[in-house]
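Undergrad: What shape does this take:
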Amino acid sequence: MHTSPADGGTRSRPEMYLEVRGLEAGYGHEPVISAVDISVGKGEVVLVAGPNGAGKSTLLKALTGSLAVTRGHVLLGGDEITGTPLNKLVERGVGYIPQTRDVFESLKVRENLDLGGYLLAAREKPAQLAEVLEFFPELRPLLDRRAGHLSGGQRKMLSLGRVLMGRPSLLILDEPTANLSPKLARAVLADHVRRLASLGVAVLLVEQRVIDALPVADWMYVLVSGTPQFSGPAIGSMTRDEIGGLFLGNTRTS
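TA: All right, here's what the predicted structure looks like:
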């Protein structure tokens, strides 16, 4: 894996909360990802980028227990969670927002948020709902609107708010700007994703809009052909040409 000069201790990172070590996974006998080492600290936004077919979706499926891991380990707060199904990960404080089907369209906004807090005691829900609505005040007048009638930006806020109802310590985001306009995509990344990390949440962000995501992220990994080819600070360690080269499968970055 190529690392920038800053990827050796010159840049301080928080204590790691999610640690992925030597992960290998795939379909059938052929691994799609291999030798994947990724870490995310609390309060960090860590960006995973790469060209189509690089293995980003496979990585998320392996992390969230929907695809068998053939080698390697996933640790959460030092505890082994390799292969743990998503419903059990939620109980451990992992929030996951998929690229599609991120809200329950037939339910009202209020009902979506209530479902997000299903692990909370009934007496805790009102206070947590108040916190979520303070974080996303735009949702307050929409509480009785069905999620299927929301705009793209409102829907994304709801998906984030629903996960926040569960008080996650780790949030995994799969292409949160998919199908959004460029302006709205930048707003979601800068206004919402970055603020989530400010709450102390560890954020693992898979995103195709790399140039928009870089200012939001603290650390960056680039997957090429299923293997990380770069790891380093999101800002200042690679030029646009180098990023473009990696996306084209060129592993020479120096």
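Undergrad: CA only for contacts and neighbour counts going forward, please
TA: Will do.
Undergrad: just checking, what's the longest helix in this protein?
TA: helix 152-164 (DSSP state H).
Undergrad: Show which residue of this structure lies farthest from the average position.
TA: Distance from the C-alpha centroid of the chain, by Cα atoms, centre = their mean, peaks at residue 123 (29.3 Å).
Undergrad: and that one, which of the three is it?
TA: Secondary structure for residue 123, judged by DSSP: H, G, I helix; E, B strand; the rest coil, is helix.
Undergrad: follow-up on the earlier one: could you point out which element follows the longest helix of the chain?
TA: Next in sequence after helix 152-164, counting helices and strands by DSSP states H and E, comes strand 170-174.
Undergrad: and the angle for that following strand with helix 152-164?
TA: Interaxial angle, strand 170-174 versus helix 152-164 (axes from the mean of the first three to the mean of the last three Cα atoms, to 10 degrees): 150 degrees.
Undergrad: Contacts for strand 170-174 next, please.
TA: Identification of contacts with strand 170-174 by Cα atoms under 8 Å, 6 or more residues apart in numbering yields 18, 42, 60, 93-99, 201-207.
Undergrad: C-alpha coordinates for it, PDB please?
TA: Taking C-alpha atoms only, strand 170-174 is exported to PDB below (Å, rounded to 0.1, in the frame of the first residue of the first chain):
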ATOM      1  CA  LEU A 170     -19.700   4.100  14.600                       C
ATOM      2  CA  LEU A 171     -21.600   5.200  11.500                       C
ATOM      3  CA  ILE A 172     -21.000   3.600   8.100                       C
ATOM      4  CA  LEU A 173     -22.200   5.600   5.100                       C
ATOM      5  CA  ASP A 174     -22.500   4.100   1.700                       C
END
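Undergrad: quick revisit: quick check: strands, which of the contacts of strand 170-174 are part of them?
TA: Among the contacts of strand 170-174, the members falling in strands (DSSP state E) are 18, 94-97, 202-206.
Undergrad: And stretch 95-105, what's buried?
TA: Going by neighbour count (16 or more other Cα atoms under 10 Å), the buried part of stretch 95-105 is 95-97, 102-104.
Undergrad: From what I see, residue 86 and residue 67 are in contact.
TA: No: between residue 86 and residue 67 there is no contact under Cα atoms under 8 Å: 10.8 Å.
Undergrad: Tell me what angle the helix or strand that contains residue 70 forms with strand 170-174.
TA: Taking DSSP H and E as the criterion, residue 70 maps to strand 69-76. For strand 69-76 against strand 170-174, the angle by the same axes, to 10 degrees is 130 degrees.
Undergrad: so for strand 69-76, what's the average pLDDT?
TA: What strand 69-76 shows for mean pLDDT is 96.
Undergrad: Just checking: what are the partner strands of that strand?
TA: Strand 69-76 pairs in its sheet with strand 16-27 (antiparallel), strand 79-80 (antiparallel), by DSSP bridges.
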